[in-house]
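>>> Okay, here's the prediction I keep looking at, along with the sequence it came from:
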Amino acid sequence: FFFRLFPVSVSRSLFVRSMEAEPSFEPGEAASSLEQDTVSLEDADETVLPYTIHAYSSYSASYHPRNIIVDKPEDEASRWSFSQSNEPQYVMLRLEQPAVLTEVHFGKHSQVHVCNIKEVKVYGGLQPGNMVELLSAVLRNDTHAESFRVGRRGDGSLACLRYIKIVPLQPWRSNFNYSIWHVRLRGVADPTVVGCLQAALHARQEMEAIRLCLKHFRQRNIMDCFQALQKRTRVQLEHPALARLHDVTVVEGKLDQAEQLLEKTLTREIRQEYISGLRYTPVWCRVRARDEDGVEQTAGYGSAPGMRGGHQMCLDTADNIIYLHGGYDGENDLGDLWQYDIASNRWLCLSANAEEQGGPSPRSCHKLCFDEKEKKMYVLGRYVEPRHRGTAPLPNELYCFDTRARRWTLLCANSAAKGGPPLLYDHQMCMDSDNRLIYVFGGRTLGSPTSYCGLYSYSTETNEWKLIREDSAVCTNGTPLVSRISHSMLYNPGERNLYIFGGQRNHEILVDFLKYDVQHDRVSSLSPGRGVGGPDLELTRATMDDELGEVYLLAGVLREGVGASKAWETVKNSFWVYAIHRGTWVCAYENETCEGKVNDDQPCPRFAHQLVYSPQSKLHFLFGGNAGQVASQAGSRKSRLSDFWALKLQRTSEAEVLRKCYFSLRKQAFLELCSRDPKQALVYLQEQVAAVTDHNDPIESKEFRALTSAIFNRKSISEEQLFRERTTVYESILTYFPERMKQPENNLVDLVKV
């Protein structure tokens, strides 16, 4: 009776399955009249989907929407453009036949154009008036065509559609009209596939209609209709465990037994799933390291790192030790090397000048990475001021620091001579400890002419460099890997993927979030940034928790100050969390100022800082940076910072989820007891309700105190009123259960237009 069509897998198989759930739950498993066999579509290849222009908002001059059907990148007139940019614009496409849409491809002009669209949304459906959002994307402002994988609905199933609506939201240049040059659609148009999917979607509509009726009847205690409909259709409203919880809570009113049942039903896994979807609460703490005698370590006495920006940090996650090297203090490059022991809260200077111990010379804008298995730190790159560059190419040294032996080794005197990158700065570097590989991407080279660096790998086992991708080289799936600076890069060892975030290229701010599959040489766009629910990606620092499946991004924005003096640049920092499996961004913290002041509540916004993450302690550590003064004052040491911070991201605990449920149940039990035995109700309030009340929460504490009035004011109520109160309690508890287990969110009466 109910099927769900899952996305096309790597093996190009399509599956039609019944709804998944943990624990297992089939709303209509007993009523299925269709075979639930897996449908294999090995031969159903994706094809280009022909379309016509069905409708549009407007167009300007000869820039008719039909121009987007053909791809003529050399023809400036071959585009859809319009003049009424102050009103919402759209173009609606109609496929020749219903299909499963899997990709939307946007062609571009052969030259960067001021009318290029920056942000776009794509909707789709079988009817023009019934569409769902399929894609929200940010396009690059370049000449390379871009393709976006689409087609999954909000519930994860593929969308069978006939109409596609494209809505441009913003051009790259303000005060210019939007232009779309070319649109190509790809998908599966096999009639067998499409027919199966349409049948599945129709069956789902029937299923949801019945479940809405069941919910309506049960909410209003029309149980004869509820039972008759359920018996006739054999459709289940919710998971059997929740159905039993409803009977105990609402029908039988055994609220004490409901607590026991809830503890078994609301499992640890379900609570964790609920918590993972909550917004984090950030808690900043100024770190004040202390020596063996308990005396605070400060930069002024040389017992802690001094003020700097452009320094680098890495973390030994097993031993919880942070390493900090180099930087720029506003006057000179630095060459000191420090370690911070998280457990003992203590700084230790390993070297005042690493060059004197055979290590790298003083430098900034270089990069570090750490090999967890070998306990070695690698250093590559540096910035050299123009007056010191000379005419001859400068060498790009690769150094290794053995943290066990505390010994430096020069692995490569000039990586460019060994097939590696030339001297570069503002690049990114990640370590694959399992395969003993270092990945280097992006950054500006200091050779002549100045250019951007591509993607390289270095084997720490064979000491060999390899050029994987040149700058902007097109990967096997047709997507270019554009190099940049001021970006972030992470390596996911489980999937062998590189995550690349934003950055800058020339004067262009890149807002893309890319995943590069190092095994298959494929680039895919994961999530758009600014303007469509994600962070600004101008200046970023990123970390990752493999266990939680989360990426953390400290994003920054620089803006020139206003007024005649323009004494400051406004620096804005925000902290974002990206759920890898959900593909969603959530902002956990934001701070903006123009004064660059340091206080003990939270760090002032900054750039050129460093951020590392300890998976063991679930803490982020932030050190130093530039507070954001303009060029006229940038040389001042006052603009550099030496403050050290720890960030804890907090969410509701598993125990707290259960406590909130118990509070709802006991509050209802107290109100019912007030009608029967006010004296016993008072005892119950003092002993049972108080025990599960968060008295530190002002709202909950006030609600608890207000309950005392019910002892005197609560009167006998009807069975129907009692049923409604218990239903309200039950539905509040459903908040903590996943959608797949519980009754529909919508209500039948809300669908009726009056």
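That came through, no problem.

>>> following the top strand by length along the chain, which helix or strand comes up?
Counting by DSSP state E, the longest strand found in the chain is strand 91-107. Using DSSP states H and E, the helix or strand that follows strand 91-107 towards the C-terminus is strand 117-127.

>>> hey, where'd the helices end up in this structure?
191-219, 223-233, 240-246, 255-265, 268-276, 631-634, 654-676, 678-684, 698-706, 709-713, 719-733 (DSSP state H).

>>> Looking at those, which is nearest to Ile485?
Nearest of those to Ile485, taken as C-beta to C-beta: helix 631-634 at 17.5 Å. No exception for glycine: its C-beta is placed from N, CA and C like everyone else's.

>>> Can you pull the phi/psi pair for the residue nearest to Thr47 when sequence neighbours are not counted?
Nearest in space to Thr47, with sequence neighbours left out and distances taken as C-beta to C-beta, 6 or more residues apart in numbering, is Ala189 at 6.0 Å. Backbone torsions of Ala189, given as degrees, to the nearest 10, read phi -110, psi 10.

>>> The nearest residue to Phe441 once chain neighbours are set aside: what's it in contact with?
Using C-beta to C-beta, 6+ apart and skipping residues adjacent in sequence, the residue nearest Phe441 is Leu455, 4.7 Å away. Shown in contact with Leu455 (C-beta atoms under 8 Å, 6 or more residues apart in numbering): 439-441, 467-469, 481, 483, 516.

>>> Filter these down to the buried ones and hand me the PyMOL line.
To isolate the buried ones among the contacts of Leu455 in PyMOL, judged by 16 or more other C-beta atoms under 10 Å, type:
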select buried, resi 439+440+441+468+469+481+483+516
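
>>> what residue lies at the spatial centre of this protein?
Tyr578 (1.9 Å; C-alpha atoms, centre = their mean).

>>> Contacts only, for it.
Contacts for Tyr578 (C-beta under 8 Å, 6+ apart) come out as 513, 527, 550-553, 584-585.

>>> Considering the residues you listed, which possesses the most neighbours?
Leu553 (29 neighbours; other C-beta atoms under 10 Å).

>>> Report pLDDT for that residue.
At Leu553, the model reports a pLDDT of 93.

>>> Roughly how far does the closest residue to it other than its chain neighbours sit from Gly556?
In this structure, Leu553 finds its nearest non-sequential neighbour in Trp576, 4.6 Å apart by C-beta to C-beta, 6+ apart. Plainly put, Trp576 is 11 Å away from Gly556 if you go by C-beta to C-beta, to the nearest Å.

>>> repeat for Glu656
In terms of C-beta to C-beta, Glu656 sits 33 Å off from Gly556.

>>> residue contacts, Tyr328?
By C-beta under 8 Å, 6+ apart, the residues touching Tyr328 are 308-311, 334, 364-365, 608, 640.

>>> Kindly recompute the last result at 6 Å.
Residues near Tyr328 by C-beta atoms under 6 Å, 6 or more residues apart in numbering: 309-310, 364.

>>> That one and Asp426, how far apart?
Taken as C-beta to C-beta, the span from Tyr328 to Asp426 is 13 Å.

>>> One more: Tyr280?
As for Tyr280, its distance to Asp426 is 29 Å (criterion: C-beta to C-beta).
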